[in-house]
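1. Below is the sequence, then the predicted model.
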Amino acid sequence: MKDVRTEEIMIAAITRMLLGLRNVAVGASSPIPGSAALLARAVGGGQPTVSLLGNSAAITFTDGARELFDCAAQGRIDAFFLGGAQIDGEANINLVYIGDPDHPKARFPGSFGSSYLYFIVPRVILFREEHTPRTLVKKVDFISAPGTSPENVYRPGGPYALVTGRCVFSFDPEKKRFRLESVHPGHDVDEIIRETGFGFDLPLTGSVPATPPPPPDWLVLMRGPVAAEIARVYPAFAQKLFAA
Amino acid sequence: MKDVRTEEIMIAAITRMLLGLRNVAVGASSPIPGSAALLARAVGGGQPTVSLLGNSAAITFTDGARELFDCAAQGRIDAFFLGGAQIDGEANINLVYIGDPDHPKARFPGSFGSSYLYFIVPRVILFREEHTPRTLVKKVDFISAPGTSPENVYRPGGPYALVTGRCVFSFDPEKKRFRLESVHPGHDVDEIIRETGFGFDLPLTGSVPATPPPPPDWLVLMRGPVAAEIARVYPAFAQKLFAA
Amino acid sequence: MHSMAQFLKDAGEIAAAIPDGALLALPPEYAPCSMTTIRALVRRRARYLRLLGVPQFGLQADMLIGAGCVAEVETAAVTFGELGLAPRFTDAVKRGTIRMKDTTCPAIHAALQASEKGVPFMPLRGLIGTEVAARRPDWKLGTNPFAEDDPIIYLPAIRPDVTLFHAPKADRQGNVWIGVRRELVVMAHASRTTYATVEEIIDGSLLHDPLTAAGTIPALYVTAIAEARQGCWPLALPHGYAADHEHLALYARMAQTQEGFDSYLNQFVLGREAAE
Amino acid sequence: MHSMAQFLKDAGEIAAAIPDGALLALPPEYAPCSMTTIRALVRRRARYLRLLGVPQFGLQADMLIGAGCVAEVETAAVTFGELGLAPRFTDAVKRGTIRMKDTTCPAIHAALQASEKGVPFMPLRGLIGTEVAARRPDWKLGTNPFAEDDPIIYLPAIRPDVTLFHAPKADRQGNVWIGVRRELVVMAHASRTTYATVEEIIDGSLLHDPLTAAGTIPALYVTAIAEARQGCWPLALPHGYAADHEHLALYARMAQTQEGFDSYLNQFVLGREAAE
């Protein structure tokens, strides 16, 4: 068994959040969550079902591009995944502009479905491998989707956790703050504090556990059938991660 | 060639109103308009296209039962047909109740799509073979769909003509009145006045022309391929009319 | 709710799973109707059903009404086509034994689409000035916020408890092929639960072949399936088998009176589980 | 408007029929894109196009923007997937040479469904408190009339002038088979005109067979069709052929600068009618 890589730690951490769910959907530019969803399905014996955007070889939706959003609105999608050029301490995410949107310093692809699904899907898992003060910021430059909403706004969904290359955070919508849940092997709390642009809570128990690495049977699945299926949508990712 | 029957006069009269149109749809319980639409298509060499509700052997729509209504809303349906248990002098139609709706003397099938399509389709052709003061009334007991609407109501469509077993009326939405356009062979204006429960205008020219009977080649089409196709949806109608 | 469709033994098990009082959405007769489950509902003496015609009814509603299974009907029409008026329905309306919510076809489609999209309402053109709308206190006359003085009606979303239909085939993963009958898709999306009888359950996956996938409702939306050959009888399965016109005419004659209807039930429905 | 689809010689004739300034709706890259017509639009030096991504863009928009054909882009995203940012799009946004209307996927679908249904607007959940919504003065924050204190956003209908896509096949009546790619159905319904290139034009009718009918857009909605083998190249035709990944990587490299993009055009687009 080769050394476990950061992406594999992240995949395993996300997989644990998906076990026991019914249906999971994966959007654009989400190879790590996509791998986690496929692994959760393999571990769960076909459950949760997984819909992988762009995987036209495995049809799961038959009503066109709107079906994912309608399906989520019907309460049938339990988990979804969002990244962010920036993510801030209140779980606001920015997928579009750095700087002034009218004269941006940088432009990223766009908000995709985030401005909707972040409100609707009960368990939205944020992911960002790069964990630096540049990506995890005090306040995002542009809110693609807010982490929380006023009481009167219809919002059955929202942020559940943030998984980075260094650690796992949970999110408390009441306090509008992340809490550090575990630190990946080889990293420590001081580093997390230093590399995070926003303040966050520590576990109530005081000690921060290590993120458990994937068990050997998960690694076998991950590097075998999961890698093969994710390669249909993310060939470069699969090549880099699993064929190294 | 057998004698021309009343239904065939009506079919021919409606057919003339459909020539040159692009797309015609036919709803439930509409064998006479259905025959007219198919005849218009045969005469026009495939134009107008015809969608016949219930003719599942000839698929024209592929987006389910809503497509007819959406298609009409998009401005793609040029003509539609509505009957009525009662039709009044302002072209209001009643497809549901005779008497008080809470304690009805009679109940007919229901409004179907009339409460919508009467507003939307530019050329709605009303048809009712029974032309008596019982069916053509001063004021309907229940408005399934109104003949006219206030100025501020979105209404690209509305009544174009009323074809009965005795005559053809046109409708003037400004005056909210029908005008007698032609009387079928064997009937006369005095009879129309006597058998009509509402007041109507006479042609500006003074004399009322006779409704022209179907030309021989139309009769051949009507009793041949049109009868065969309409029999798929209306076997009893086709049996009674064309096989007599 | 489990995400995977269950497989039941027969239509009787589906009827047992549909609770009394359910808001039950049913397709029109030109889409396949699960008549076998309708008869099973009569046999299990279902009560207080609220029927939603998508968008119109014929035999399904008439039989359930005649058998005393129905409290309320929302529909654009109930018709037996060339066989005339639906007799038990017409009688029930005149005697006031069912609550009637008259509507129009596109209003039903739009209200189901609202549930499909998870929005509380849908605007719809037409309707203004009709007595259909006047007798619907649950509809609201509002305005188009993008124009001056442009009235438009807002329809509240309809979310059925149960959608029930028949289909030509399903696969063992629970995907159901419905072809062009996409009102069934919207119904399944909009409903809390969806039950289907099918002519046959096939091996292989309806979703793997792009040709069949195009007409397939994914198992995600399907609560349970039971195999039932001739499940539409005496109605037609489009592209499958024709309607049994003689039997339909017999029903239309017998159901003219409650007594005649009751003897129809005795002859063709009650105690006839084995024949289904 | 004639109700029957026209048959054109090639993608060049389609490009000639799409007017400058048109609001042009295009599918995502996981539905078939008519890249052959995109190149023809570049060759005919189309101008001031307003692109609508349904719901997102990749190569189609990047190439049209780089070639100076585009005035405005409304989309949920523009991405080259694993090849990174779309270079000509990103550069144009930074330099401010295109009007940008940022949106989110379901808002585009809902606004097209509004046009499909002939209603002036559609309500949609989510959106409230996003800067996407804050920067859309054409969206209105309203309320749900069926509840107390329930804010919801109203989206105005979007009616494209033109929908353009590629499909596996059409028949000689002008019906087009699109399979499960039903965003193409909504686009065709919502648009004033619809143009499709297809891999092949087949004999027989796609509507006669219930299996193919389920994935078919009727000719009623199709303005014109042209046959174009490999019409998606260098993108994929799902279930047909794979993307030309090497060529896409070449484009992504060359288009990093305007000069590189211009030489890409010279090499692969301009004067290459014969190769299409």
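-> Good, I have the coordinates. Numbers count the residues shown, from 1 in each chain, chains lettered A, B, ... in the order given.

2. Output the below-cut-off pLDDT ranges for chain A.
-> Residue ranges of chain A with pLDDT under 70: A:1-2, A:243-244.

3. so where do the helices sit in it?
-> Using DSSP state H, the helices of chain A run over residues A:6-18, A:31-43, A:67-73, A:114-120, A:189-195, A:216-221, A:227-233, A:235-242.

4. Buried deepest among these, which one?
-> Mean neighbour count (mean count of other C-beta atoms under 10 Å in any protein chain shown) peaks for helix A:114-120 among these, with a mean of 28. Where you see a C-beta, it was placed from the backbone N, CA and C, and this is true even at glycine.

5. Now find how far off-centre that one is within its chain.
-> 14 Å (C-alpha atoms, centre = their mean, to the nearest Å).

6. Same question for stretch A:82-99.
-> The chain centre lies 13 Å from the centre of stretch A:82-99; the measure is C-alpha atoms, centre = their mean.

7. With stretch A:78-91 instead?
-> 7 Å.

8. Mind exporting the C-alpha coordinates of that stretch to CSV?
-> What follows is stretch A:78-91, C-alpha atoms only, in CSV (Å, rounded to 0.1, in the frame of the first residue of the first chain):
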residue,chain,number,x,y,z
ASP,A,78,-29.2,14.8,1.2
ALA,A,79,-25.7,16.1,0.5
PHE,A,80,-24.0,18.4,-2.0
PHE,A,81,-20.5,19.9,-2.2
LEU,A,82,-19.3,23.4,-2.8
GLY,A,83,-15.8,24.8,-3.2
GLY,A,84,-14.8,28.4,-3.2
ALA,A,85,-12.1,30.7,-4.4
GLN,A,86,-12.7,32.2,-0.9
ILE,A,87,-14.5,30.9,2.1
ASP,A,88,-15.0,33.1,5.1
GLY,A,89,-15.5,32.5,8.8
GLU,A,90,-19.3,32.8,8.5
ALA,A,91,-19.3,30.1,5.8
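
9. related to what we said a few turns ago, the helices of chain A into TSV, with extra columns for distance to chain D?
-> Shown next, in TSV, are those (distance: least, C-beta to the nearest C-beta, whole Å):
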stretch	distance to chain D
helix A:6-18	14
helix A:31-43	8
helix A:67-73	4
helix A:114-120	4
helix A:189-195	24
helix A:216-221	23
helix A:227-233	8
helix A:235-242	4
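
10. looking at the ones you listed, which is closest to residue D:170?
-> Smallest distance to residue D:170 across the helices of chain A (C-beta to C-beta): 24.3 Å, for helix A:67-73.

11. now for the closest one, which elements pack on it?
-> Other helices and strands packing on helix A:67-73, by 3 or more C-beta pairs under 8 Å, 6 or more residues apart in numbering or on different chains; DSSP states H and E, are strand A:23-26, helix A:114-120, helix C:105-117, helix D:105-117.

12. between the third one and helix D:105-117, how many degrees?
-> Right, helix C:105-117. Computed by axes from the mean of the first three to the mean of the last three C-alpha atoms, to 10 degrees, the angle separating helix C:105-117 from helix D:105-117 equals 170 degrees.

13. For helix C:105-117, name the packing helices and strands.
-> The contact analysis (3+ C-beta pairs under 8 Å, 6+ apart) places helix C:105-117 against helix A:67-73, helix B:67-73, helix B:114-120, strand C:121-124, strand C:151-156, helix C:183-190, helix D:105-117.

14. residues in contact with residue C:61?
-> C:26, C:51, C:53, C:70, C:73, C:75, C:78, C:86, C:89 (C-beta atoms under 8 Å, 6 or more residues apart in numbering or on different chains).

15. Can you flag which of those residues belong to strands?
-> C:26, C:51, C:53, C:70, C:73, C:75 (DSSP state E).

16. neighbours of the closest residue to the third one other than its chain neighbours, just the number please.
-> Think residue C:53. Spatial nearest neighbour of residue C:53, chain neighbours left out: residue C:75 (3.1 Å); criterion: C-beta to C-beta, 6 or more residues apart in numbering or on different chains. Burial of residue C:75 is recorded as 28 neighbouring residues (other C-beta atoms under 10 Å in any protein chain shown).

17. so residue C:75 touches residue B:110, yeah?
-> Yes: judged on C-beta atoms under 8 Å, residue C:75 makes contact with residue B:110 at a distance of 6.4 Å.

18. Helices of chain C, residue ranges please.
-> C:11-17, C:35-43, C:59-66, C:87-95, C:105-117, C:131-134, C:183-190, C:210-213, C:245-254, C:258-268.

19. related to what we said a few turns ago, select, out of the helices and strands packed on helix C:105-117, the one closest to residue A:220.
-> Taking these one by one with C-beta to C-beta, helix A:67-73 is closest: 30.3 Å.

20. ok so, going back, for the helices and strands packed on helix C:105-117, give me a markdown table that also has distance to residue A:35.
-> A markdown table is the format used below for those (distance: least, C-beta to C-beta, whole Å):
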| stretch | distance to residue A:35 |
| --- | --- |
| helix A:67-73 | 19 |
| helix B:67-73 | 40 |
| helix B:114-120 | 49 |
| strand C:121-124 | 39 |
| strand C:151-156 | 42 |
| helix C:183-190 | 29 |
| helix D:105-117 | 23 |
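
21. quick one: which of those is nearest residue A:230?
-> The minimum distance between residue A:230 and the helices and strands packed on helix C:105-117 falls on helix A:67-73, with 18.2 Å, by C-beta to C-beta.

22. and that closest one, how far out from the chain's middle?
-> Distance, stretch centre to chain centre, for helix A:67-73: 19 Å (C-alpha atoms, centre = their mean).

23. In stretch C:34-52, which residues are buried?
-> By 16 or more other C-beta atoms under 10 Å in any protein chain shown, the buried positions in stretch C:34-52 come out as C:34-43, C:46, C:49-52.

24. Chain B contacts on chain A?
-> Within reach of chain B by C-beta under 8 Å from any C-beta of the partner chain, chain A has no residues at all.

25. now residue C:153, which residues is it bridged with?
-> Beta-bridge pairing for residue C:153 (DSSP bridges): residue C:124, residue C:141.

26. contacting residues around it?
-> The contact partners of residue C:153, taken as C-beta under 8 Å, 6+ apart, are C:123, C:124, C:127, C:128, C:133, C:139, C:140, C:141, C:142.

27. could you flag which of the residues you listed are buried?
-> Judged by 16+ other C-beta under 10 Å, buried ones among the contacts of residue C:153: C:123, C:124, C:127, C:128, C:133, C:139, C:140.
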